[in-house]
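Engineer: make a model of this:
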Amino acid sequence: MLVLDYLAAQPSYDFLFGDQATARDALDRLIFEDRLEYAIESCIGMHDGQECLALAALHSFEERRRQAPVHIRALLREGSRHGIPTDVLQSRLRLLQRAIAPIGPRDLYLSRLAVTPGMQRAGLGRLALDEVLRRFHRSGAERLVLDTATTNDSARAFYRNAGFVERIADIDAAADAPTFISLHLERSALPEIIGGTRVT
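Structural biologist: Numbering: from 1, shown residues only. So this is what the prediction gives:
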């Protein structure tokens, strides 16, 4: 499943659970048993009515604030199931929270955008992002925000080419934790034309 593969490959989950295999097992339970908010809001190219070639998900400030406590409790439970002491996982969560810039009440947060590995560099990511930008335009939010790893040069270039501006936040990240960079797109900079179609 694309969303599971995508999440398990993120440095934040690898850091939390110690390795990618443990992260994948924990996320599998979180997605399929707890039904946590890994909902796909934009899916391009259905496979058997379920799988996506490209996907994207947006969340408002209120949604993230409401879901955070449930998500954290589930992560702590999964850490315990894998033998990770609660205090260790809590410490890792705090380090990650310090490394990611906060979002505000008038922001939309792009929590994920992924393309099936075999289908990358075929324009599907841009199609998914175009749908995100249309939703941003209709939402009335003032800013679209996302985070990506500082080492992910291809993602950073992809978003910069779409008009996002990198913001290096004043964050206090630990040396052993993943480091992230925040990218913002202001409503005033939203392109009038997205993917050849006028924004409506």
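Engineer: just say helix, strand or coil for A114.
Structural biologist: Of the three states, A114 takes strand under DSSP: H, G, I helix; E, B strand; the rest coil.
Engineer: an error on my part: the question was meant for H137.
Structural biologist: Per three-state DSSP, the local secondary structure of H137 is helix.
Engineer: any idea how far it is from G18?
Structural biologist: Computed as Cβ to Cβ, to the nearest Å, the H137 to G18 distance reads 41 Å. Every residue, glycine included, has its C-beta placed from N, CA and C.
Engineer: again with I84
Structural biologist: Separation of I84 from G18 (Cβ to Cβ): 7 Å.
Engineer: same deal with L113?
Structural biologist: 26 Å.
Engineer: cool, Q10 as well?
Structural biologist: The spacing between Q10 and G18, counted by Cβ to Cβ, is 14 Å.
Engineer: and the two? Which one has more around it.
Structural biologist: When Q10 and G18 are compared for neighbours, Q10 comes out ahead with 19 against 16, by other Cβ atoms under 10 Å.
Engineer: now the strands for this protein?
Structural biologist: Secondary structure of the chain (DSSP state E): strands located at 42-44, 54-60, 107-115, 143-149, 165-167, 180-186, 193-194, 197-198.
Engineer: want to try CSV for the ones you listed, with mean pLDDT, distance to R156 and mean neighbour count as columns?
Structural biologist: Output for these, formatted as CSV (pLDDT from 0 to 100; distance: least, Cβ to Cβ, whole Å; neighbours: other Cβ atoms under 10 Å):
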stretch, mean pLDDT, distance to R156, mean neighbour count
strand 42-44, 63, 21, 19
strand 54-60, 79, 17, 22
strand 107-115, 86, 13, 21
strand 143-149, 89, 6, 20
strand 165-167, 87, 7, 12
strand 180-186, 86, 7, 20
strand 193-194, 59, 20, 15
strand 197-198, 55, 26, 8
